[in-house]
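**Student:** Fold the following and give me the result.
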Amino acid sequence: MKIKEVDLAIIGAGPAGMAAAMSAENAGMENILLLERAEYLGGLLHQCIHNGFGLHYFKEDLTGPEYAERVIKQLSGMEARICMNTMVTHLNPDRSLIAINSEWGEFKVLPKSVILAMGCREKSRFSVGIPGSRPAGVFTAGLAQKLVNVDGYMPGKEFVILGSGDIGLIMARRLHLEGAKIKAVVELMPHVGGLIRNEVQCLNDFGIPLLLKHTVSEIYGNDRVEGVEIAQVDSDGRVMKGTERDVPCDCLLLSVGLIPENELSIEAGIELDERIGGPIVDEYLQTNIDGIFAAGNVLQVWDLVDNVSMDGDKTGANAARFVGGGLKIKSSEIKVITGENIRTVTPQKIVGGEEVEFAVRVRTPLQNAELKVGQVRKKYRVLSPTQVIKISLKPSEIESCRETGRIEVSCFEREKGRAHD
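**Tutor:** Here you go, the predicted structure:
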C-alpha cells in the first residue's frame, strides 16, 4: 500500500476545506493534502444559483457558483496537493487515514494534523417517520435543487414542502418561478426553520402558503405520489385528531434538517455533541484528539456559508500552529455550559488563555433579548433559532472563570426598564 506523509490532511474540499488549505499554507505549512470524494471543488455551492453568499466573507452579494469560483481561483495559486474523486474510508485515533482513488488505488496517509471538513447531509423521510407507501415523487429539497438547477429537470408539477429550512424555502421560490404550484410549506414548529429573509423573499413575496404547527401525516400513492395528508400538531408535536386534510400533489419535498457527516469522526473516537451532531471542540476548533480539527458544517450546521469559510480559516491557521508547537494550552480546562434559552454553543470547552469567539443558537424566538456569556452581556432587538450569534470574550474575561472551571451561556427577554447587575 502506498504511504503518504504530510503535515496536514484535509478531508473535504467544500468552502471549509478550501479555506483551511489556504489558511494553513499562508501560515507556513508546505505539505498539505486536500482529499475530496466528488469530481469538483466547492461542495454544493455549484447548485445554489440564488444570491446571498459572500456578504461577510467577500463583502459582496454573490450566487453560490460565483462564491465557489472566487475561492477556487484563490486556491489554484496555492501549493496544496488536491486529490479529487478520492474517498477516505478510515480515520484512526492516531490521525492516520486510509483513502482510495483511481490514481493511487488504496493508500495510507500519515499526517501530523487533520482537518475534518466533510460537511453535512439532509435528513430523509425515514428520519422523521412519515407513514404511508413508498411511491416515486418524494425528494429531499437539496436533491430537487440539483435536478432543477444542474440537470435541468423538473421533478413534478404540484408540490408540498415539509419543513421550512433554508433549502426548502429557496426551492419553494425556485419551483414557483419554473411554473410549479406550491400547495403549502408545512412546518412542525411555531416558527420557520430558515432565515427570516428567506421566509420574506421566498414565501411572502410570492404568496406561497406557510402552515406553522402542522405536519405531513400520510403519503398517498402507489407508483407515484398522488397526495399527502396534512394535520395540525400540539405543543409536543403530536398530530391533533380531527385536523387532518388531504392535499393533492405529485411531489413531496423534505426540508427537515441537516446532519453533520461524522461517521469517520466516530471511527476515530472523536467525542460528539449530541445536540449539534458535530465534534466537541475547544476554542481552536480542535477535537478531543490532539491535532484533529473540525471546520464548517461537519462541526455544526451554519446559517451562512461565510461562517463555514471563516471556520476553515481558523482551523487552517490553528493546524499550522499545532504542528509548529504554538497552541497555547493551559493545565486547567473551562467547560462551557448551555443555560436558559440556549439550544447550542461552540466551543464546548476552553483550554487556552486567548480571546474566544462563541457561536450561539437560541432555543426559541426572542425579542428585546439579552445574551449572557460568563459576565459579558449583549443586547439584541430580535433573536431567532435560525440565526447563529457570535460573541467574543477577552482573555481577562476568560480568566475570571478559571477558578470555577465553567462559563454559562444564557439568553432571556429583558423587561422594560430592567436594572442590570
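**Student:** can you list the domain ranges for the chain.
**Tutor:** As assigned by automatic domain parsing, the chain contains the domains 1-121+259-327, 124-256, 330-421.
**Student:** what would those domains look like in TSV with mean neighbour count?
**Tutor:** Backbone N, C-alpha and C define where each C-beta goes, glycine included. Formatted as TSV, the domains of the chain follow (neighbours: other Cβ atoms under 10 Å):
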stretch	mean neighbour count
domain 1-121+259-327	20
domain 124-256	18
domain 330-421	16
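**Student:** Turn the ones you listed into a markdown table, including mean pLDDT.
**Tutor:** Shown next, in a markdown table, are the domains of the chain (pLDDT from 0 to 100):
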| stretch | mean pLDDT |
| --- | --- |
| domain 1-121+259-327 | 96 |
| domain 124-256 | 94 |
| domain 330-421 | 89 |
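**Student:** Which secondary structure state does G28 sit in?
**Tutor:** Here G28 is coil, with the state taken from DSSP: H, G, I helix; E, B strand; the rest coil.
**Student:** wait, I meant L75
**Tutor:** For L75, the assignment made with three-state DSSP gives helix.
**Student:** hang on, G14 packs against C120?
**Tutor:** No - with contacts counted by Cβ atoms under 8 Å, G14 stays clear of C120, the gap being 9.8 Å.
**Student:** Now do the shared contacts for those two.
**Tutor:** Counting by Cβ atoms under 8 Å, 6 or more residues apart in numbering, the residues touching both G14 and C120 are N297.
**Student:** what helix or strand is D290 on?
**Tutor:** Using DSSP states H and E, D290 sits within no helix or strand.
**Student:** Now it. Nearest residue, chain neighbours left out?
**Tutor:** F322 (7.5 Å; Cβ to Cβ, 6 or more residues apart in numbering).
**Student:** Next: V239.
**Tutor:** In space, V239 comes closest to A231 once its chain neighbours are excluded; the distance is 4.6 Å by Cβ to Cβ, 6+ apart.
**Student:** That neighbour belongs to a strand, doesn't it?
**Tutor:** Yes - counting by three-state DSSP, A231 falls inside a strand.
**Student:** what about the residue nearest in space to the middle of the chain, distance to G257?
**Tutor:** In the chain, the C-alpha nearest the mean C-alpha coordinate belongs to V301, at 1.7 Å (Cα atoms, centre = their mean). Distance, V301 to G257, using Cβ to Cβ, to the nearest Å: 8 Å.
**Student:** Same check on A27?
**Tutor:** On the measure of Cβ to Cβ, A27 and G257 end up 35 Å apart.
**Student:** So what pairs up with the residue nearest to V239 in the strands?
**Tutor:** Bridge pairing for A231 (DSSP bridges) gives the partners T215.
**Student:** Start the count at 448 instead of 1 going forward.
**Tutor:** With the count now opening at 448, the last piece we talked about shows up as A678.
**Student:** Do I have it right that it meets G684?
**Tutor:** No - in this structure A678 lies outside contact range of G684 using Cβ under 8 Å: 11.2 Å.
**Student:** any common contacting residues for these two?
**Tutor:** With Cβ under 8 Å, 6+ apart, A678 and G684 have common neighbours T662.
**Student:** Could you pull out the helices in this protein for me?
**Tutor:** Applying DSSP state H to the chain gives helices spanning 462-473, 511-523, 572-575, 588-596, 613-624, 643-645, 710-715, 752-770, 842-846.
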